[in-house]
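Chemist: Got a sequence here, can you build the structure:
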Amino acid sequence: MTVADTLDQMCAEPAFQQELVDFLVAMCAVDTTPSADVAAMRRHEAGVFSLVRAYLQETPWRIDQRPIDPDIAAHPAFSKLHFTKTPEHPDGLTPEQASAERSNLLVLADGEPGSAGRGTAVNAHVDVIAPFMPPTRRGDLVRGRGTIDDKGHVAAICAALRLIGRMTAGGAVTLRNSITAMFPVEEE
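Modeler: Sure, this is the predicted structure:
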């Protein structure tokens, strides 16, 4: 059996498909709309990260939560935090205030040490555009805020990591280079 055949077989498993859809629906049920309420954002982001951790719990990959560095504001591509404007803060919160106790999530799949080649990095964010719309499901169709932008991509990346984990554990493949999956709380 080829690697492609093995992947096809695993992806066709009803349990795999059901768990993946359930994972997506659960993530989309968490309102991660950016707001001036940093404490609420922190709780909701942590809820999504908890779901990611649970979905990947049987993989050999390392999961690392990294605090947001407020110095990101010095980067030339940094966007102003328009979503934090309130009557009390008409100019919005400072990057320090908006990033207080918030973090991004990394999933690190280490390949063979010393292998030639380059690692792979993938990225999908967990925030969604307002207004929040909870997910609905009809058969194989899932609708709701985040299904496409961008929790659907979080689910796809996590599913790929899960499959790679199963294939490496079963000896079907050897991961030669590292994979870094980045799940930031805001846009890339």
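
Chemist: Please tell me how far stretch 59-71 is from the chain's geometric centre.
Modeler: 11 Å (CA atoms, centre = their mean, to the nearest Å).

Chemist: from here on, count from 26
Modeler: All set: I'll call the first residue 26, so the last point we hit is now stretch 84-96.

Chemist: Going by neighbour count, which residues in it are buried?
Modeler: Buried residues in stretch 84-96, counting neighbours by 16 or more other CB atoms under 10 Å, are found at 84, 86, 88, 93. Quick note: C-beta positions are derived from backbone N, CA and C, even for glycine.

Chemist: Can you tell me which one of those sits lowest on pLDDT?
Modeler: pLDDT across the buried residues of stretch 84-96 is lowest for I93, at 92.

Chemist: any idea how far the closest residue to that one other than its chain neighbours is from K105?
Modeler: Nearest non-adjacent residue to I93, counting by CB to CB, 6 or more residues apart in numbering: S124, 3.9 Å away. Per CB to CB, to the nearest Å, S124 is found 14 Å from K105.

Chemist: So the two - more neighbours on which side?
Modeler: Each of S124 and K105 has its neighbours counted (other CB atoms under 10 Å); S124 has more, 22 against 11.

Chemist: got the contact list for the more buried one?
Modeler: 92-95, 97 (CB atoms under 8 Å, 6 or more residues apart in numbering).

Chemist: Kindly report the same for M207.
Modeler: M207 makes contact with 129-131, 146-149 under the criterion CB under 8 Å, 6+ apart.

Chemist: Name every strand pairing with the helix or strand containing it and say which way it goes.
Modeler: Taking DSSP states H and E as the definition, one finds M207 inside strand 204-208. Strand 204-208 pairs in its sheet with strand 128-134 (antiparallel), strand 145-148 (parallel), by DSSP bridges.

Chemist: ok so, going back, return the member of the contacts of S124 nearest to V50.
Modeler: I93 (27.0 Å; CB to CB).
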